[in-house]
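Visitor: My questions are about this predicted structure, shown below with the sequence.
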Amino acid sequence: AENFSAFYEKVGSNLGSGASISLYRNDYILMTRWPFVDKLVGIKNSNSATQEIIGDRTTVEHGLLITDKARFSTGTASEPRMVAARVVNEFPFIATVVIPKSLYAPNFFSHVGWILGLLTIGLILLFTFVRHVLFANSQINLELLERGLVQKALGDANEKLETLAYIDLLTGLPNRQNLIEQLNLAIDKCKITPSHYAILFIDLDNFKELNDRYGHDRGDLLLTKVAKQLLACVGSDDIVSRFGGDEFVILLSHLEYKEIDGTYTAELISQKILNTLTQTKHLDGIEYRCSASIGITIFGQEPLSEFEIIKRADIAMYHAKMSGRNTFSIFNAQLQKDFEYKLHLGELLKDAIEQNHFEYYYQPQFDNHLNIIGAELLLRWKTIEGEEILPNIFIPLAEQNGLMIKLGNLVIENAATQIAAWSTFPFL
């Protein structure tokens, strides 16, 4: 409007007293005019003359109209006047020129060509300038708009990427990467001010059975409910994360002290979690009670990496699961030794099955007349290191390492071979 004003003041001064030039929006709200009338700016033009010209050019020749209807300027005496109007192409604006009868009537017939020429030239110049200014502004605005849209799109994309990188989409909890970063921050704080933190490694008991029996939808529903329960069991400064699958890891801070470590608070919170998780949960038509095994490790007094801390909590959780589940266990040096020993024993057992390094003892079975009616196979294992491992140790170990089928096939093959050999003995 400011650029338009500077132009039409020069054009309008040549039209004569009583003439006016106006710029409207396409809804006929006045943006500016010459001569300038402040009280009219922002007011809708209720005069139908301009709307007649713009609305139906087929009935008004050349977009011109001579009218004596009431003026847009209320309170001004009406008089016949010539009105010309044009829509600014590709932009939502209307430009008008009004010339009163006192200017065009005396010499209308002799100078009608001059008047129309003046109006045409004035409008052409006016529209050319307006289009130039508006087009330039539209280009700038379009560039700014595109830049703004791109920046917004980039911002939205970065936000989504950050969500995918740091938040578990199912539960809304921090994910593994997020937890590791928070754990590193806690480790750095301990280097400056020694203090106690705790990691609780939580694994849901028998979660696979729920998925297999009722489907993954109910399994996912359980995970979301467990996430909410875990959040309710800890403080606002503690971090609850979904570490993966049915595993959750909690970073506890501001531990209270008992003797020289913070196990007291960690134990209280772990027991609270166990009690909470065993509450009945409604899972889309079924009632389900779950439990968990929790491993606890305290850190802050000795230099440890984030992976070593998580590993210790995982070892303690494993011990809790082997101790009957629905309980917690606190990491100590002996657990570390036991865990490493079982890992080593598991590797030896795998080799022993592959190379059949077992001893087979057949204990005969008799009827009431002391006739042999069968035999019981007793399996014994001595490692290549010379250590004798009892069945109550290596059988559960084979189950935990997925070796039971191979071990069972080995025993059946040996028994079948032995039966075939015994078949040559008449008394058997």
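Guide: Right, received. Where do you want to start? Residues are numbered from 1 along each chain as shown.
Visitor: quick one: which helix or strand includes residue 419?
Guide: helix 404-422 (DSSP states H and E).
Visitor: brain fart, residue 272
Guide: helix 263-277.
Visitor: Beyond that helix, next helix or strand please.
Guide: Using DSSP H and E, the first helix or strand after helix 263-277 is strand 281-283.
Visitor: residues contacting residue 211?
Guide: Applying Cβ atoms under 8 Å, 6 or more residues apart in numbering to residue 211 gives the contacts 218, 219. Heads up, the C-betas are built off the backbone N, CA and C, glycines and all.
Visitor: and it, how far is that from residue 203?
Guide: Separation of residue 211 from residue 203 (Cβ to Cβ, to the nearest Å): 14 Å.
Visitor: Residue 384 now?
Guide: Distance from residue 384 to residue 203, by Cβ to Cβ: 33 Å.
Visitor: average pLDDT for the helix holding residue 419?
Guide: Confidence over helix 404-422 (mean pLDDT, whole number) is 91.
Visitor: that older thread, counting neighbours, go ahead and name the busier of residue 384 and residue 203.
Guide: Here residue 384 and residue 203 are set side by side on neighbour count (other Cβ atoms under 10 Å), and the busier one is residue 203, at 21 against 10.
Visitor: what's across from the more buried one in the sheet?
Guide: residue 247, residue 293 (DSSP bridges).
Visitor: State the pLDDT value of it.
Guide: The model's pLDDT for residue 203 equals 96.
Visitor: again with residue 127
Guide: Per the predicted model, pLDDT is 69 at residue 127.
Visitor: Need the contact partners of stretch 322-342.
Guide: Stretch 322-342 has contacts (Cβ under 8 Å, 6+ apart) with 200, 205, 263, 266-267, 270-271, 274, 278, 291-298, 312-313, 315-320, 397.
Visitor: Check stretch 230-237 too.
Guide: Here stretch 230-237 has contacts from 173, 202, 240, 248, 250, 252, 253, 254, 269, 272, 273, 276, using Cβ under 8 Å, 6+ apart.
Visitor: Nearest residue to residue 345 in space, please, no chain neighbours.
Guide: Residue nearest to residue 345 in three dimensions, not counting chain neighbours: residue 397, with 6.2 Å by Cβ to Cβ, 6 or more residues apart in numbering.
Visitor: measure that neighbour to residue 356 for me?
Guide: For residue 397, the distance to residue 356 - Cβ to Cβ - is 17 Å.
Visitor: So the residue nearest to residue 345 belongs to a helix, correct?
Guide: Yes. Under DSSP: H, G, I helix; E, B strand; the rest coil, residue 397 falls within a helix.
Visitor: on that earlier part again, which of residue 397 and residue 356 has more neighbours?
Guide: residue 397 (17 against 10).
Visitor: surely that one meets residue 348?
Guide: No. Using Cβ atoms under 8 Å, residue 397 makes no contact with residue 348, being 9.6 Å away.
Visitor: Could you give the number of residues near residue 349?
Guide: Residues near residue 349, counting by other Cβ under 10 Å: 22.
Visitor: Thanks again, I'm all set now.
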